[in-house]
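J.: what follows is a predicted protein model with its sequence.
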Amino acid sequence: MKNIFLPFVTVQVIFSIFIYNEALAEEKKTKLLNGYTPPFEYEARPLLEKHTKDIETIRKDITFLKDEMKKLKDAVGMVSKQSSESETKFTVERQGDINTLKDEITLLKSDLNSIKQAQLTPANKDLEIDMKARLEALEHDISGLKDQVMKLDEKLSLIEGSISK
């Protein structure tokens, strides 16, 4: 006899559990519709909002940093371009100055040789001394210009090195 009632009791217990779960779900829906927030949601919602704001702030910062990087890359490109243009201009100008000084030295040497070939009078001796002094001054100017060119080349290579970093 016991075996006959067991399936009915089992069905009744399962049905009771189902009805109880349905009642709990309905009660929870009613509470949520009336503005009730469960304790977990009550604590988690401010954290969720805070993290959402943090994520938005980070996205804005990333966008800002990308824009700044682009501006810096553009600035480096412009500086590099201006640097190469000014280097070329400076080199051309200095080369022109050096060539002019070399031409003057050549002329002075030829004048000096022609004076030596002429009869050395006191006036010619003074002219020879003057020419030698001018020649030495020009040679000194050329070596000074070469030193300046070398220093500027070093500075330019340092600038290019810092730009490439």
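T.: Received the coordinates, thanks. Numbering: from 1, shown residues only.
J.: do a quick rundown of the strands in this protein.
T.: Using DSSP state E, no strands are assigned anywhere in the chain.
J.: and it, what are its domain boundaries?
T.: Annotated domains of the chain cover 1-36, 37-164 [automatic domain parsing].
J.: how far is the first one from where the chain is centred?
T.: Between the centre of domain 1-36 and the centre of its chain there are 68 Å (C-alpha atoms, centre = their mean, to the nearest Å).
J.: hey, which helix is longest across this structure?
T.: If you go by DSSP state H, the chain has its longest helix at helix 39-117.
J.: so what does it touch, helix or strand wise?
T.: Judged by 3 or more C-beta pairs under 8 Å, 6 or more residues apart in numbering; DSSP states H and E, helix 39-117 is in contact with helix 122-164. (Glycine included, C-beta is placed from N, CA and C.)
J.: mind giving me the packing neighbours of the helix it packs on?
T.: Using 3+ C-beta pairs under 8 Å, 6+ apart, helix 122-164 is in contact with helix 39-117.
J.: the helix it packs on to helix 122-164, inter-axis angle?
T.: Calculated by axes from the mean of the first three to the mean of the last three C-alpha atoms, to 10 degrees, helix 39-117 forms an angle of 170 degrees with helix 122-164.
J.: number the residues from 323 up from this point.
T.: Let's use 323 as the start, then, which means that last one is helix 361-439.
J.: quick check: mean pLDDT across helix 361-439?
T.: When pLDDT is averaged over helix 361-439, the result is 76.
J.: again with stretch 476-486
T.: pLDDT averaged over stretch 476-486 gives 76.
J.: got the buried residues for it?
T.: For stretch 476-486, a neighbour-count test (16 or more other C-beta atoms under 10 Å) marks Leu478 as buried.
J.: kindly report the same for stretch 422-433.
T.: Buried residues in stretch 422-433 (16+ other C-beta under 10 Å): 427, 430.
J.: so which residues make contact with it?
T.: Residues from elsewhere that reach stretch 422-433 (C-beta atoms under 8 Å, 6 or more residues apart in numbering): 453, 456-457, 460-461, 463-464, 467.
J.: residue contacts, Arg402?
T.: Heads up, residue 402 is Ser, not Arg. Contacts for Ser402 (C-beta under 8 Å, 6+ apart) come out as 482, 485.
J.: check contacts around Lys468.
T.: Here Lys468 is in contact with Ile420 (C-beta under 8 Å, 6+ apart).
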